[in-house]
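> Pasted the sequence and its predicted model underneath.
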Amino acid sequence: MAENTRRGLFTLNGITGMLIATLLLLSILAFLTTEAIKVERVSITKPYDPAPIVNSLDNVKENSKANAKYDISKL
């Protein structure tokens, strides 16, 4: 077996790699947090309007053969 003589504290396998990985994960966390805050701000100013869905429910059939495969009472 060949001995590993290329060890170093500041190589990518050492502290430097750990710091790069930590900074990458923290930057991803910061990006996702800011995007979540943006989505929350938009949803506060423009709440969900269910009117288009409620108005189009006239064509939905409650009892149909196509929906029989989703009946959980027959399980």
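The structure has been received and is ready for your questions. Residues are numbered from 1 along each chain as shown.

> Just name the shakiest helix or strand of this protein by mean pLDDT.
Every helix and strand of the chain was ranked by mean pLDDT, DSSP states H and E. The lowest is helix 51-55, at a mean of 62.

> mind listing the helices for this structure?
15-45, 51-55 (DSSP state H).

> Neighbours of Lys65, how many?
Neighbour count of Lys65, defined by other CB atoms under 10 Å: 7. Every residue, glycine included, has its C-beta placed from N, CA and C.

> Pull up the gap between it and Ser73, please.
From Lys65 across to Ser73, the span is 16 Å (CB to CB, to the nearest Å).

> what do you get for Ser64?
Noted for Ser64: a distance of 15 Å to Ser73, by CB to CB.

> on that earlier part again, return the member of the helices of the chain having the minimum mean pLDDT.
Confidence, taken as mean pLDDT, is least for helix 51-55 of those (a mean of 62).

> Quick check: Leu12 touching Leu19?
No: judged on CB atoms under 8 Å, Leu12 makes no contact with Leu19 at a distance of 10.2 Å.

> hey, what's in contact with both of those two?
Shared between the contact lists of Leu12 and Leu19 (criterion: CB atoms under 8 Å, 6 or more residues apart in numbering) there are no residues.

> Now for Thr45: which residues touch it?
Contacts here follow CB under 8 Å, 6+ apart; on that basis Thr45 touches nothing.

> start the count at 466, not 1, going forward
All right, first residue 466 from here; so that's Thr510.

> What distance do you get for it to Asn478?
Between Thr510 and Asn478 the distance, using CB to CB, works out to 48 Å.
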